[in-house]
Every structure is written in structure tokens, then in C-alpha cells.
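A.B. asks: Predicted structure and sequence below. I'll ask about it afterward.
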Amino acid sequence: MEIFSTKYKNNLSLVAENLPSLKTVSIGFFFSVGSRYEDETCGGITHFCEHLLFKGTKNKSAYEISCDFDKIGGYANAWTDRENLCLFCVVPAQFATEAAKTMIDMIENSQFDEKEIEKERTVIENEILLSADDPEEAASDGFFSALWGNSSLGRLIAGDVSEVKKISVNELKAWYEERIQKAPFLISVAGNTDFLDFSLFENLSPRQNREKDFFPALWHEGSFKKKAKTAQNQIFCAIPLAMDIYEPSKLEEQLRSAQILNAIIGDSMSSRLFQALRENSGLCYNVSSQISLFEDVIMWSCYAGYDKKNARKVLDIIKAELKAFTPESLTEREFSAAMAHVIGEETILSDESESAMKRLARRHLLKLPPISYDDELKIISKTDFLSVKAALESLPERGKFTVFEYGP
């Protein structure tokens, strides 16, 4: 396995891992733009531009772009989140260069034809309404809105239908030109890279840096509820984590400890929350927890779905488990099991070029040094029990507890 990274003279960054045992390669282009860069005048514009990358370029129609990937059995996709837009593909390794050329054409030469824009506007409106009809997606959107209020992280990634209707053709073209076509981006590549011509990236036109112009995150603590006509209630609980976001050497160790603590409290079937809410009380079907990372804040959150009549019991159990989750309560048995869980998850992901590509990008965006899966597993395995206990004492900002309930 070979890891390499560079910053090209054209202001593009590359991080890559050659995994010659794999028969695929994954290529991702990551742009520093997302819904938190938007305001009330252009909600959903980044997501709209993401869709339009697939609608034809100066050189290829939308159908031809689709055929480029279909005919080799690969696929291309994209996503927009709150801080990044990513265009990526997964293809048989021998077609890596051809796939990269198509992706470059999409980000440099998209046409933004007015007829295609209006067709895609309707598609996006349907997507937004479909998400609103999905209880879990609607609940998640409501949670972020309650947690962050009107600040940038609370905005809907796709915008709402009224916002999408108002976005003009000229605004879309300007956003694409400034935030994608002329903006620097990260290229993350993982898999069998032997067939990829990396000079494609070095020879792209120069890109100009932009100021980080996202809006600050404003945490809203307390209890919130949104009524909805659903059969089940859903609950989200969140706590910010006091991590050294701007000091990568400290952040690496803190993230490892947080991963292990997350596995102990909610991210596994043997976790405390899963056992308490499902196995011991039979109150919930879905129970989970996760760590979410943003430019200026890192948070832990948990989730559960349950019958409305059990709302008080569920919240009381969650609060009780979190209160009991103290350094003194941790056992070495829990620690060892959680570490094995985290290592196992990472090992499974290491067999997929797409997961490896996303892992490299995530580390780069956090300003962590690029390392192989094997080296990352070694770092995780060196995490000791005492440092995890110390992290449980220092990381959770327990005074900023937020609860959001969604349902009837």
C-alpha cells in the first residue's frame, strides 16, 4: 500500500492510496461549499448545482455522461452536505483515466442549459417533497433546525420548494463558476491506481483561493418538539464535544477516544443505550449514536424511535444512561470490546475503494496526515484505557444538552 499527497501549482490538492490488490478505483472531487455557505436568498443552490453537473457539458450530453460510466459497469454520483459538495465515481481500475476525464469535463464545462435547469428544478422539488414524506429524513432535518436555529448549520441542504423556485438561471451559473468551476478542490483517490494518469489533475487550469465565508454555528440547548402525523415518535439528543479542532495532533487522539466511547454508549448492539432501550425494556426498534464533525464544532448525538405512549420512559432512560456514563463507570471489558468493534468496522471498510477514498478525504479535510488503513488500525490499537477515561471526563460539554422530539 502506498500513500501519497501533493499540492499542485494550480492550487489543487491530491491525496491517494494505491491498493493494488483491488480491481476498482474510486475518485472523488471535494469542494468546500455546502448549505452553510448559503443564506435565505439562495437556499439549496449548491445542491441544485450538484444536480446540474450531470446534465451535459460543452462536449457531452447528459446521456453520454451516463453512458461513459454505464458501459464500463461503474457508476458516478454526487452529494451535497452542509460543508462540502463531492462528485465521485467507482470504476474498474483499467478505466480510471477515462472516468477522470469525464469528471473533469463535468466540473469545468457544464452547460447549465435553461431547459435542463427547469426540468431539474421540478426533479429537485419532487426530491424535497419525497424527503418531507420520509419520517426519518424529516425528523433529522427538524433536529438540525432546532439545534442550530436560523444559523447556517440549521438550513435544509436542498432548500425548501419555495427557495428552489426562486433560484434564477444567472444565480446558478454564477454559483457554479465561483464555487466549482474556478474554485480549488481536493482530489481523493483510492484503489488500484496503476491505470490512472495523475497528470490530468496537474494540468488543469489554476484555481483561486476563497475566504471561508460560511456562517458561524450557534448551538441551541434545551428541549424542542415538532408535531408530525407519524405512527412513531423519534428522539434526538445531542452534546457538543470539546475537541481541539485546530490542533491536528491532539484531535487525532481525541477522535480515537471518542470513537471508542461512542461504541460503548450507543453505536453497537451491545452498547449501553441499545441494551437499556431495546433489550432490557423493549421500548425501541431503532437505537443508534454518532459523532458529527464540522469546521467549527464537533458533536455527539443519539437517536431512538418509539411509541408515543413511551416518550417519558425513553427520555428518562437516555438521561439516566448518559448521567451514569462517567469515567468511574467504564470497565476494561467494555473498553476492549469497543476497541475491537471499531477496529473491525475499519477493517471491513478497508476492502472497499470507495470507503478508502472517503476516509482519505475526511482526514485531509480535518487537516490530519494521510495514512493507510493499516497504520490507522495501529493508531487505534494503541489507544489506552486511561486516555479513554480521561476523554470521557473532558470531551462532553454536558451543560449544553439538547433534546428534539418528532412525532404525534
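C.D. replies: Arrived safely, thanks for sending.

A.B. asks: on contacts alone, who are the packing partners of the host helix or strand of Phe274?
C.D. replies: Element membership for Phe274, per DSSP states H and E: helix 272-274. With contacts defined as 3 or more CB pairs under 8 Å, 6 or more residues apart in numbering; DSSP states H and E, helix 272-274 has these neighbours: helix 248-265, strand 284-293, helix 311-324. Just so you know, the C-beta spots here come from the backbone N, C-alpha and C atoms, and that holds for glycine as well.

A.B. asks: For the first one, list every residue counted as buried.
C.D. replies: Right, the one you point to is helix 248-265. By neighbour count on 16 or more other CB atoms under 10 Å, the buried set for helix 248-265 is 251-265.

A.B. asks: got a list of contacts for it?
C.D. replies: For helix 248-265, the external contacting residues (CB atoms under 8 Å, 6 or more residues apart in numbering) are 241, 243-245, 271-273, 289-291, 298, 300, 302, 321-322, 325, 330, 334-335, 337-339, 341-342, 366-369, 379-380, 383, 387-388, 390-392, 395.

A.B. asks: Run the angle between that helix and helix 311-324 for me.
C.D. replies: Orientation note: helix 248-265 sits at an angle of 130 degrees relative to helix 311-324 (axes from the mean of the first three to the mean of the last three CA atoms, to 10 degrees).

A.B. asks: tally of neighbours for Ser5?
C.D. replies: Neighbourhood size, Ser5 [other CB atoms under 10 Å]: 17.

A.B. asks: and the gap between it and Ser205?
C.D. replies: Applying CB to CB, to the nearest Å, the value for Ser5 to Ser205 is 21 Å.

A.B. asks: Also Arg256?
C.D. replies: Plainly put, Arg256 is 39 Å away from Ser205 if you go by CB to CB.

A.B. asks: quick one: the helices in the stretch 151-300 of the chain?
C.D. replies: Using DSSP state H, counting those that start in this stretch, the helices of the stretch 151-300 of the chain run over residues 161-166, 169-176, 199-202, 248-265, 272-274.

A.B. asks: JSON lines for the ones you listed, including distance to Thr347 and mean pLDDT?
C.D. replies: Converted to JSON lines, those look like this (distance: least, CB to CB, whole Å; pLDDT from 0 to 100):
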{"stretch": "helix 161-166", "distance to Thr347": "41", "mean pLDDT": "96"}
{"stretch": "helix 169-176", "distance to Thr347": "39", "mean pLDDT": "97"}
{"stretch": "helix 199-202", "distance to Thr347": "30", "mean pLDDT": "96"}
{"stretch": "helix 248-265", "distance to Thr347": "14", "mean pLDDT": "95"}
{"stretch": "helix 272-274", "distance to Thr347": "22", "mean pLDDT": "98"}
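
A.B. asks: Please identify which of those is closest to Gln111.
C.D. replies: Nearest of the helices of the stretch 151-300 of the chain to Gln111, taken as CB to CB: helix 169-176 at 9.8 Å.

A.B. asks: Identify each buried residue in that closest one, please.
C.D. replies: 172-173, 175-176.

A.B. asks: Next: stretch 80-90.
C.D. replies: With burial defined by 16+ other CB under 10 Å, the residues of stretch 80-90 counted as buried are 80, 82-90.

A.B. asks: Endpoint to endpoint, that stretch covers what distance?
C.D. replies: Stretch 80-90 stretches 18 Å from its first residue to its last (CA to CA, to the nearest Å).

A.B. asks: what about stretch 334-352, distance to the chain center?
C.D. replies: Computed by CA atoms, centre = their mean, to the nearest Å, the separation of stretch 334-352 from the middle of its chain amounts to 19 Å.

A.B. asks: May I see the buried residues of it?
C.D. replies: Quick answer for stretch 334-352 (16+ other CB under 10 Å): 334-335, 337-339, 341-343, 346, 350, 352.

A.B. asks: Any idea how many residues pack against Val123?
C.D. replies: Around Val123 there are 11 residues (other CB under 10 Å).

A.B. asks: Return the distance of it relative to Leu129.
C.D. replies: To Leu129, Val123 is 11 Å away according to CB to CB.

A.B. asks: Over to Glu50?
C.D. replies: Distance from Glu50 to Leu129, by CB to CB: 18 Å.

A.B. asks: Please enumerate the strands of this structure.
C.D. replies: Using DSSP state E, the strands found in the chain span residues 2-7, 13-18, 24-31, 75-80, 85-92, 186-191, 222-227, 233-241, 284-293, 298-306, 402-407.

A.B. asks: which strands and helices sit next to the fourth one?
C.D. replies: Using 3+ CB pairs under 8 Å, 6+ apart, the elements in contact with strand 75-80 are helix 45-52, helix 62-70, strand 85-92, helix 96-109.

A.B. asks: ok, and which of the ones you listed has the densest surroundings?
C.D. replies: helix 45-52 (a mean of 24; mean count of other CB atoms under 10 Å).

A.B. asks: still on that earlier bit, for the helices and strands packed on strand 75-80, which one sits closest to Ala231?
C.D. replies: Short answer: helix 45-52, nearest of the helices and strands packed on strand 75-80 by CB to CB, at 29.3 Å.

A.B. asks: Contacts for the closest one, please.
C.D. replies: The contact list for helix 45-52 (CB under 8 Å, 6+ apart) reads 33-35, 37-38, 78-80, 85, 87, 110, 112, 116-117, 120-121, 123-124, 157-159, 164, 167, 171-172, 175-176, 179-180.

A.B. asks: Try it again at 7 Å.
C.D. replies: The contact list for helix 45-52 (CB atoms under 7 Å, 6 or more residues apart in numbering) reads 33-35, 37-38, 78, 80, 85, 110, 112, 117, 120, 123-124, 157-159, 164, 167, 171-172, 175-176, 180.
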